[in-house]
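Visitor: sequence and predicted structure, then a few things I'm wondering about:
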Amino acid sequence: MILAVSAALHFAVQIGLIIRVLLRAHRDPGSRIAWVVVILSIPLAGIGAYLLFGETNIGRRHFERMRAVQRELEAQARSASAAPSPAALPDRWMSLFRAGGSVNGFVPVAGNHAELTLDSVRSIERMVEDIDAATDHVHLLFYIWLPDNNGRKVAEALKRAVARGVTCRAMVDDLGSRELIRSPLWQEMAAAGVKTARALRIGNPILRIFFGRIDLRNHRKIAIIDNRITYCGSQNCADPEFLPKAKYAPWVDVLLRVEGPVVHQNQIVFATDWMTFDGEDIRHILEIPVEAHASGFPAQIVATGPTGRFSAMPQMFESLIFAARDDLFITTPYYAPNQGLQEALCAAANRGVDVTLILPRRNDDFAIARASRSYYPELLQSGVKIHEYEKGLLHAKTITMDGEITFIGSANMDRRSFDLNYENNMLIYDGEVTAALRSRQEEFLAASSRVEKEEVRHWPWYRRLANNTFAILSPLL
């Protein structure tokens with residue numbers, strides 16, 4: 001009798017969750033099918049998996065707070081968008097920047113200047129130099145901040161800045177930076193006067209089921225100094241040796257140091273996160289004017305997340321791909337696209353665009369690596385040139401297009417960046433920045449091996465089976 005009641009209850013919960021999966025808004029059919037299969041095929045564990053990871057919910061309190069903060073900062077966003085624009089955009093690119101503007105309300109602001117840092121170590125050194133020169137405030141947000149050499153350099157720079165009267169705010173993701181949070185360095189920073197905050201606290205994983213999904217993460221990497229300088233790219237606050245996953249090292253990143261009015265837009269994104277997860281009202285920072293460079297380029301911030309517009313980042317990627325006419329060069333560590341993005345890349349190559357895609361040969365995420373390779377046959381058949389980077393984990397998330405457009409930031413081309421992570425990218429119209437980044441991409445290309453159609457055609461059946469199986473599960477990854 002007890003067994004029959006338990007079985008009936010289990011079946012009822014399964015049916016209830018399946019109905020929930022089918023009724024959830026903004027879920028693509030592949031994701032629905034994958035979750036139905038998991039719930040039905042794995043007794044108890046499938047139910048637990050859905051309760052923990054099945055819905056993009058950060059919790060009612062955080063959701064309402066973030067929406068309230070976003071409404072409060074709308075005026076500042078409009079102010080940033082209304083900044084003077086001495087260099088008009090060509091008609092060809094207006095629709096692309098309108099797509100970016102539809103996400104946050106930001107429009108392209110002119111008068112920006114950028115410096116492409118040399119490598120991961122120099123990126124941190126340059127950031128420390130700027131922190132040491134700060135006179136008013138420093139704002140940092142990292143998904144991963146480790147208590148290693150680079151992590152300590154930045155922490156010590158913040159402590160020096162606080163000692164001379166600079167207000168320093170440092171926010172980290174509660175999961176990605178757990179090693180720092182558990183280390184003495186985190187307490188030392190707070191004791192020295194650095195204002196610290198943890199985004200998306202995990203707390204008790206079991207209780208978290210009732211307050212929001214456990215693996216929604218703040219994946220952004222933002223640095224702002226004196227409302228004058230910002231950094232944007234893939235660089236976390238860590239050594240390239242990345243000791244937690246040393247066998248995949250070095251982590252190879254790309255970071256832009258930018259001055260100009262677009263800093264204000266990044267400041268709004270940081271302020272939204274800080275006011276949501278810390279509670280301190282820092283709107284006064286947004287009133288500080290940002291100086292424009294007379295001959296600077298137009299740029300725009302595109303910040304996405306699970307509480308924002310659904311599918312904003314993949315739509316941005318697709319808009320870029322469809323806008324390409326001559327060449328499109330992409331680097332990303334994780335490629336697990338939705339159907340629209342995959343078809344957009346194939347369509348670009350089929351219409352004659354020179355499309356190059358570089359992924360790492362050895363990936364720290366085994367499942368995503370397998371899923372990525374399931375898409376190779378169709379991409380290669382369409383004419384996409386696929387290369388795999390050999391000298392570490394190519395972590396750079398970059399797009400250059402037609403010698404004029406750059407898209408750089410924290411977002412990967414995978415479902416996690418599309419649906420689960422808070423991401424931050426910058427869209428730039430400038431030939432010099434694009435040429436500099438394209439040169440860096442060519443360096444990555446020189447350290448990569450090309451994947452040939454014949455090679456993929458002769459992959460053994462068990463390898464293809466594994467690749468395609470993980471691709472089916474990719475909506476859950």
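Guide: Good, I have the coordinates. Numbering: from 1, shown residues only.
Visitor: now F317: how far from N338?
Guide: 10 Å (Cβ to Cβ, to the nearest Å). From N, CA and C alone the C-beta is placed, and that goes for glycine too.
Visitor: next: F106.
Guide: For F106, the distance to N338 equals 24 Å [Cβ to Cβ].
Visitor: who has more neighbours out of those two?
Guide: F106 (26 against 23; other Cβ atoms under 10 Å).
Visitor: out of everything not next to it in sequence, what's closest to the more buried one?
Guide: Leaving out its chain neighbours, the residue that sits closest to F106 by Cβ to Cβ, 6 or more residues apart in numbering is Q265, at 4.9 Å.
Visitor: overlap in contacts of F317 and N338?
Guide: Counting by Cβ atoms under 8 Å, 6 or more residues apart in numbering, F317 and N338 have no shared contacts at all.
Visitor: spit out the contact partners of the residue nearest to I202 when sequence neighbours are not counted.
Guide: The shortest distance from I202 to any non-neighbouring residue, by Cβ to Cβ, 6+ apart, is to D174 (5.3 Å). When contacts are counted by Cβ under 8 Å, 6+ apart, D174 touches I181, R198, A199, L200, R201, I202.
Visitor: and the residue nearest to F106, how many residues sit next to it?
Guide: Using other Cβ under 10 Å: Q265 sits among 29 other residues.
Visitor: same question, R464
Guide: 14.
Visitor: give me the helices and strands touching the helix or strand it falls within, please.
Guide: Assigned by DSSP states H and E, R464 falls within helix 461-473. Helix 461-473 sits against helix 29-41, helix 366-374, with contacts defined as 3 or more Cβ pairs under 8 Å, 6 or more residues apart in numbering; DSSP states H and E.
Visitor: please identify the buried residues of it?
Guide: For helix 461-473, burial by neighbour count (16 or more other Cβ atoms under 10 Å) applies to A466, N467, F470, A471, L473.
Visitor: now swap in stretch 426-437 and tell me
Guide: Quick answer for stretch 426-437 (16+ other Cβ under 10 Å): M426, L427, I428, Y429, D430, V433, T434, A436, L437.
Visitor: confidence score at the last one?
Guide: Looking at L437, its pLDDT is 98.
Visitor: for G403, see how far away it is.
Guide: Per Cβ to Cβ, L437 is found 11 Å from G403.
Visitor: same thing with the fourth one?
Guide: Y429 sits 11 Å away from G403, going by Cβ to Cβ.
Visitor: re earlier: from the buried residues of helix 461-473, which shows the smallest pLDDT?
Guide: L473 (73).
Visitor: spatially nearest residue to that one (excluding sequence neighbours)?
Guide: Nearest non-adjacent residue to L473 (Cβ to Cβ, 6+ apart): A34, at 6.0 Å.
Visitor: before we move on, the earlier item: select from the contacts of D174 every entry located in helices.
Guide: When DSSP state H defines the helices, the subset of these inside them is I181.
Visitor: find the least confident helix or strand in this protein, judged by mean pLDDT.
Guide: For the chain, using mean pLDDT, DSSP states H and E, the weakest element among its helices and strands is helix 74-81, scoring a mean of 55.
Visitor: wasn't T276 part of a strand?
Guide: No: read with DSSP: H, G, I helix; E, B strand; the rest coil, T276 is helix and lies in no strand.
Visitor: measure the residue nearest to I202 to R182 for me?
Guide: D174 is 11 Å from R182, by Cβ to Cβ.
Visitor: same question for G352.
Guide: 53 Å.
Visitor: grab the nearest non-local neighbour of I288.
Guide: With Cβ to Cβ, 6+ apart as the criterion, I288 has its nearest non-adjacent residue at 4.3 Å, and that residue is N227.
Visitor: ok, V138 - contacts?
Guide: V138 makes contact with I131, L158, A161, V166, T167, C168, R169, A223, I224, I225, D226, according to Cβ under 8 Å, 6+ apart.
Visitor: distance check, the last one against V138.
Guide: In this case it means D226. D226 is 8 Å from V138, by Cβ to Cβ.
Visitor: please enumerate the helices of the stretch 151-300 of the chain.
Guide: 178-182, 184-192, 262-277 (DSSP state H, counting those that start in this stretch).
Visitor: output the ones you listed as JSON lines; include the columns mean pLDDT and distance to Y389.
Guide: Formatted as JSON lines, those follow (pLDDT from 0 to 100; distance: least, Cβ to Cβ, whole Å):
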{"stretch": "helix 178-182", "mean pLDDT": "96", "distance to Y389": "26"}
{"stretch": "helix 184-192", "mean pLDDT": "97", "distance to Y389": "31"}
{"stretch": "helix 262-277", "mean pLDDT": "94", "distance to Y389": "28"}
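Visitor: so which of these is nearest A238?
Guide: helix 178-182 (9.3 Å; Cβ to Cβ).
Visitor: and the top helix by length along the chain, which residues are buried?
Guide: When the chain is parsed with DSSP H, its longest helix is helix 2-23. If you call a residue buried by 16+ other Cβ under 10 Å, then helix 2-23 has these buried ones: Q14, L17, I18, V21.
Visitor: wait, doesn't R438 sit right on T400?
Guide: Yes: in this structure R438 lies within contact range of T400 using Cβ atoms under 8 Å: 4.6 Å.
Visitor: between these two, which one's more packed in?
Guide: Neighbours per residue, other Cβ under 10 Å: of R438 and T400, the larger number sits with T400, 27 against 16.
Visitor: just the CA trace of whichever helix or strand that one is part of, in CSV.
Guide: Secondary structure assignment for T400, by DSSP H and E: strand 398-401. Extracted in CSV, the C-alpha atoms of strand 398-401 (Å, rounded to 0.1, in the frame of the first residue of the first chain):
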residue,chain,number,x,y,z
THR,A,398,35.3,38.5,-29.5
ILE,A,399,33.7,39.3,-32.9
THR,A,400,35.2,41.5,-35.6
MET,A,401,33.3,42.2,-38.7
